[in-house]
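Participant: pasting the sequence and the predicted model now:
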Amino acid sequence: MNYQAGSAGRVIVARFDDGDDALQGLIDIAKKENLRSAVCYLVGGMKSGRFVVGPENDEMPPVPIWREMKDSHEILGIGTIFWHNDEPKIHIHGSYGKKDEVRTVCLREGAKAFIVLEAIIIEIVGVTATREFDPVTKINLLKV
């Protein structure tokens with residue numbers, strides 16, 4: 001285990017309107033505000049997105065199982081923002097549900113807001129964590 005201690009910095013409140021891409025929006029905010037490390041919370045609605053729901057099996061590198069949302073769902077998510085080279089990388093896990101069906105997934109692409117999707121971003125100051133490519137998993141993993 002590796003860790004660093006930091007403290008909370010700025011708090012950013014963002015609203016994504018119907019059709020906005022929340023993942024791209026978080027990247028844009030991280031760049032504009034130079035957020036090098038942060039935690040983010042999402043709450044609201046989404047009408048489309050692509051997700052990973054786990055690996056096919058427990059082998060390395062993992063082969064992701066992809067799913068796609070094609071209509072409106074309620075969502076609740078938590079994620080992190082850390083940079084890989086010159087780009088912020090967003091890692092969000094959350095639960096997405098409609099009627100009696102709920103999924104817990106890793107949001108990866110095309111997170112289009114439905115009506116409104118709210119984000120609270122809390123900057124983490126005093127840490128130097130980044131994302132680095134791991135040759136075993138073939139994923140950009142957190143390096144502390």
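Facilitator: Arrived safely, thanks for sending.
Participant: where do the helices sit along the protein?
Facilitator: Using DSSP state H, the helices of the chain run over 22-33.
Participant: excluding covalently adjacent residues, which one is nearest to the residue nearest the centre of it?
Facilitator: By CA atoms, centre = their mean, the mean C-alpha position of the chain lies nearest to I92, the distance being 2.6 Å. Spatial nearest neighbour of I92, excluding adjacent residues (CB to CB, 6 or more residues apart in numbering): G79 at 3.2 Å. C-beta coordinates here come from the backbone N, C-alpha and C atoms, glycine included.
Participant: one more: C106?
Facilitator: V52 (4.4 Å).
Participant: per-residue pLDDT, the one you found?
Facilitator: Predicted confidence (pLDDT) for V52: 96.
Participant: could you list the low-pLDDT ranges of this protein?
Facilitator: For the chain, not a single residue meets the criterion pLDDT under 70.
Participant: tell me the contacts of A119?
Facilitator: 12-16, 22, 25-26, 40-42 (CB atoms under 8 Å, 6 or more residues apart in numbering).
Participant: which one of the residues you listed is nearest to H84?
Facilitator: L26 (14.5 Å; CB to CB).
Participant: not counting sequence-adjacent ones, nearest residue to that closest one?
Facilitator: I90 (5.1 Å).
Participant: hey, what's the one you found bridged with?
Facilitator: Partner residues in beta bridges with I90, using DSSP bridges, are I81.
Participant: how about the strands in this protein?
Facilitator: 7-17, 37-55, 64-69, 73-84, 87-98, 101-125, 130-134, 139-143 (DSSP state E).
Participant: let me know the angle separating the fifth one from strand 37-55.
Facilitator: What that stands for is strand 87-98. Calculated by axes from the mean of the first three to the mean of the last three CA atoms, to 10 degrees, strand 87-98 forms an angle of 60 degrees with strand 37-55.
Participant: W66 reaches V52, doesn't it?
Facilitator: Yes: between W66 and V52 there is a contact under CB atoms under 8 Å: 6.2 Å.
Participant: need the overlap of contacts for the two.
Facilitator: Taking CB under 8 Å, 6+ apart as the contact rule, W66 and V52 both touch R108.
Participant: those two: who's more crowded?
Facilitator: When neighbours are counted by other CB atoms under 10 Å, W66 and V52 differ, and V52 comes out ahead with 16 against 11.
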